[in-house]
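S.K.: Prediction below, plus the sequence it came from.
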Amino acid sequence: MTTIISPNKTTKISEKQGKTKAATTAAKSPVKKRPFTVVRKGVKTGLPVAVWATVIRAAILVADYLLIAVTALGVIPMIGLYLHQASGAAQNELTTSGTVALWIVPLLFVVTLLAVAEIALMRWLWRVGSRGIASIRGHYATRKTTGK
């Protein structure tokens with residue numbers, strides 16, 4: 001009997017099963033063929049990956065900036081204007097507590113919802129960019145190890 005220790009569990013298998021398992025794991029390529037893999041240590045990918053990573057990160061940062069600017073300079077003021085007019089605060093018909101209840105609190109609620117949604121979208125864009133960079137890195141690492 002041979003004991004094989006893996007990160008997940010320890011199992012006992014016979015010598016025959018151990019040899020076939022060792023033969024199949026040795027035949028596998030060190031670089032995985034999946035599109036979003038992490039490159040193993042020691043494989044240098046070079047300048048093209050750094051250029052692509054810079055382009056992808058810059059595009060994500062520009063998209064994030066535009067999203068924040070449009071929201072802060074366009075959407076939120078229009079929502080505030082609508083709430084100001086719809087609540088009656090524009091005609092001085094509300095008391096201070098009415099203005100807070102019908103205009104300021106709804107505006108703060110909508111702004112908070114928009115901020116949470118924007119942060120979630122920006123994180124998602126960053127993760128997609130990271131996967132794309134890992135895919136490019138894996139592609140160049142495979143090209144360098146196979147010579148194609």
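M.R.: Noted; the coordinates are in hand. Note that the coordinates shown come from a computational prediction; the quantities given were computed from them, not determined experimentally.
S.K.: make it CA atoms for all contacts and neighbour counts henceforth
M.R.: OK.
S.K.: Let's see stretch 78-98 as CSV, backbone CA atoms only.
M.R.: C-alpha atoms of stretch 78-98 as CSV (Å, rounded to 0.1, in the frame of the first residue of the first chain):
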residue,chain,number,x,y,z
MET,A,78,-31.0,65.7,-12.3
ILE,A,79,-32.4,63.4,-9.6
GLY,A,80,-31.9,66.1,-7.0
LEU,A,81,-33.7,68.6,-9.2
TYR,A,82,-36.6,66.3,-9.8
LEU,A,83,-36.9,65.5,-6.1
HIS,A,84,-36.6,69.3,-5.2
GLN,A,85,-39.4,70.2,-7.6
ALA,A,86,-41.6,67.1,-6.9
SER,A,87,-41.5,67.6,-3.2
GLY,A,88,-42.7,71.2,-3.3
ALA,A,89,-39.5,72.5,-1.8
ALA,A,90,-39.0,74.7,-4.9
GLN,A,91,-42.1,76.7,-4.1
ASN,A,92,-41.3,77.1,-0.4
GLU,A,93,-44.2,75.0,0.5
LEU,A,94,-42.3,72.7,2.9
THR,A,95,-41.0,73.1,6.4
THR,A,96,-37.5,72.1,7.3
SER,A,97,-38.5,68.6,8.4
GLY,A,98,-40.6,68.2,5.3
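S.K.: Show residues contacting it.
M.R.: Residues outside stretch 78-98 that contact it (CA atoms under 8 Å, 6 or more residues apart in numbering) are T99, L102, W103, P106, L107.
S.K.: repeat that for 10 Å
M.R.: 71-72, 75-77, 99-104, 106-108, 110-111 (CA atoms under 10 Å, 6 or more residues apart in numbering).
S.K.: Quick one: mean pLDDT for it?
M.R.: Mean pLDDT, stretch 78-98: 85.
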